[in-house]
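Chemist: Okay, predicted coordinates and the sequence, questions at the end:
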Amino acid sequence: MPQKVRIALDAMGGDVGASVVIPGAAISLTRHPDTEFVLFGNRGVIEAQLAKFPALKAVSSIVHTDVAVSMHDKPSQALRRGRKTSSMWLAIDAVKKGDADVAVSAGNTGALMAMARFCLRTLPGVDSPAIAAMWPTMRGDSVVLDLGATIGGDAQHLVTLAVLGSAMASVLFDLTRPTVGLLNIGVEEIKGREEVREAAELLRAMNLPQLEYIGFVEGDGIGRGAADVIVAEGFSGNIALKAAEGTARQINEFLRAALSGSWLSKLGYLLARPAFRALRDKLDPNKSNGGVLLGLNGIVVKSHGGTDADGFAYAVDVGYEMAKYDLLNKINQMLKRDGGTLVQAPATQEAVS
């Protein structure tokens with residue numbers, strides 16, 4: 001474990017940039033005082049925010065750039081305009097050069113994935129990276145991937161995702177052999193796309209020592225915590241994520257409307273306020289913020305672009321955990337342990353959303 005965790009922040013990324021990134025980093029620092037930060041972006045803007053947080057300022061350095069990737073830039077545009085000059089690229093490049101242990105950005109997802117892949121390259125045996133995140137469930141948390149980095153992919157790609165997700169789960173949950181399920185439209189072996197059925201056969205036949213394959217998991221099984229790791233290709237994984245986030249917001253709105261209707265419902269709310277506060281915390285998407293780009297030769301964390309400071313702090317926390325407990329080395333060990341079984345899959349289409 002490194003004595004200090006060095007985190008590179010894209011200070012200009014996200015919907016509002018430094019006004020969320022800097023306060024978020026300050027919150028995370030209170031939880032992880034053994035952190036140092038390198039902040040990439042407009043020096044004047046960053047220094048104005050840092051002046052409000054003396055403790056953060058004392059452990060931070062600034063690398064100035066006027067170039068920031070827009071939330072609306074296509075990945076190809078971001079690479080052309082921001083390669084080697086943008087705050088996003090420089091944060092990722094700091095990981096490549098060894099100046100930081102992890103990079104965190106709330107910027108454009110497609111641009112971040114394209115830049116990270118171009119700058120860091122993928123690990124041997126990994127053709128396409130994935131976005132993995134912690135998902136709150138009824139029995140704790142699960143790791144779910146891919147949440148939209150890569151669209152499509154064959155059975156071998158899904159097997160590789162299972163290995164990557166298992167490495168992340170072992171770091172987060174301190175498990176020697178996490179359980180893994182494949183997201184499918186049913187639990188029966190005859191159901192689902194051919195690639196998913198083939199991946200199931202491969203996982204059963206390989207019997208990998210670092211994970212325990214338990215079979216197919218339907219959509220409702222994610223929330224139940226049916227497995228420590230849920231594997232999906234990026235299209236269905238992203239839809240599952242957005243549907244869950246939308247449902248959480250919908251439930252919050254329903255509760256707010258119901259509890260503000262009459263004096264009796266308001267009285268009931270006052271009496272049950274601790275329970276409702278606990279429910280609100282469970283449904284808060286910010287507390288699950290921070291998707292790890294797995295399969296790269298370096299650690300990069302993606303935060304929601306529209307999150308607040310508390311939400312960004314959770315993304316920084318994820319980056320801290322991944323670096324502190326040596327996620328990259330654990331993934332490399334797992335990939336090497338399989339020898340030639342994790343061959344590279346055919347090229348797949350990268351997401352741009």
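Modeler: Received it, and whenever you're ready, just let me know what you need.

Chemist: can you give me the helices for the stretch 1-150 of the chain?
Modeler: Using DSSP state H, counting those that start in this stretch, the helices assigned to the stretch 1-150 of the chain run over residues 18-31, 43-50, 54-58, 75-82, 87-97, 109-120.

Chemist: Show me what the third one packs onto, helices and strands only.
Modeler: Which is helix 54-58. Judged by 3 or more CB pairs under 8 Å, 6 or more residues apart in numbering; DSSP states H and E, helix 54-58 is in contact with helix 18-31. C-beta coordinates here come from the backbone N, C-alpha and C atoms, glycine included.

Chemist: Quick one, grab the pLDDT at K287.
Modeler: For K287, the model assigns a pLDDT of 68.

Chemist: so where do the strands sit in the stretch 251-353 of the chain?
Modeler: Counting by DSSP state E, counting those that start in this stretch, the stretch 251-353 of the chain has strands at residues 291-294, 300-302, 349-350.

Chemist: ok, L211 touching V180?
Modeler: Yes: assessed by CB atoms under 8 Å, L211 is found in contact with V180 at 4.8 Å.

Chemist: Now for these two: what residues contact both?
Modeler: 162, 166, 203, 229 (CB atoms under 8 Å, 6 or more residues apart in numbering).

Chemist: Just send the helices of the stretch 1-150 of the chain back as JSON lines, with mean pLDDT, distance to G234 and mean neighbour count too.
Modeler: Compiled in JSON lines, those are given as follows (pLDDT from 0 to 100; distance: least, CB to CB, whole Å; neighbours: other CB atoms under 10 Å):
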{"stretch": "helix 18-31", "mean pLDDT": "97", "distance to G234": "26", "mean neighbour count": "22"}
{"stretch": "helix 43-50", "mean pLDDT": "97", "distance to G234": "33", "mean neighbour count": "17"}
{"stretch": "helix 54-58", "mean pLDDT": "97", "distance to G234": "35", "mean neighbour count": "14"}
{"stretch": "helix 75-82", "mean pLDDT": "86", "distance to G234": "14", "mean neighbour count": "17"}
{"stretch": "helix 87-97", "mean pLDDT": "97", "distance to G234": "20", "mean neighbour count": "25"}
{"stretch": "helix 109-120", "mean pLDDT": "93", "distance to G234": "10", "mean neighbour count": "24"}
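
Chemist: so which of the ones you listed gets nearest I331?
Modeler: Among the helices of the stretch 1-150 of the chain, the nearest to I331 by CB to CB is helix 109-120 (12.9 Å).

Chemist: still on that earlier bit, wait, which of the strands of the stretch 251-353 of the chain is closest to A94?
Modeler: Evaluated over the strands of the stretch 251-353 of the chain, closeness to A94 peaks at strand 300-302, with 10.8 Å, by CB to CB.

Chemist: OK, contacts around the residue nearest the centre of the chain?
Modeler: In the chain, the centroid-proximal residue (CA atoms, centre = their mean) is G291; its distance is 0.7 Å. Residues in contact with G291 (CB under 8 Å, 6+ apart) are 131-133, 147, 301-303.

Chemist: And it, how far from H64?
Modeler: Taking CB to CB, to the nearest Å as the measure, G291 falls 28 Å from H64.

Chemist: for R249, same thing?
Modeler: Taken as CB to CB, the span from R249 to H64 is 37 Å.

Chemist: just to revisit the earlier point, with distance to D127 added, can I get the helices of the stretch 1-150 of the chain in JSON lines?
Modeler: Below are the helices of the stretch 1-150 of the chain laid out as JSON lines (distance: least, CB to CB, whole Å):
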{"stretch": "helix 18-31", "distance to D127": "32"}
{"stretch": "helix 43-50", "distance to D127": "37"}
{"stretch": "helix 54-58", "distance to D127": "39"}
{"stretch": "helix 75-82", "distance to D127": "17"}
{"stretch": "helix 87-97", "distance to D127": "20"}
{"stretch": "helix 109-120", "distance to D127": "11"}
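
Chemist: Which one of the ones you listed lies nearest to A315?
Modeler: Once the helices of the stretch 1-150 of the chain are compared by CB to CB, helix 18-31 is nearest, at 7.5 Å.

Chemist: thinking again about what came up before, can you say which of the helices of the stretch 1-150 of the chain is nearest to S260?
Modeler: Judging those by CB to CB, what sits closest to S260 is helix 18-31, at 28.7 Å.

Chemist: So, low pLDDT: which residues of the protein?
Modeler: Scanning the chain with the threshold set as pLDDT under 70 gives 1-2, 259, 263-287, 337-353.

Chemist: what's the single longest helix in it?
Modeler: The helix that spans the most residues within the chain, counting by DSSP state H, is helix 234-259.

Chemist: just to revisit the earlier point, quickly list what the residue nearest to the centre of the chain is bridged to.
Modeler: G291 has these beta-bridge partners by DSSP bridges: K302.
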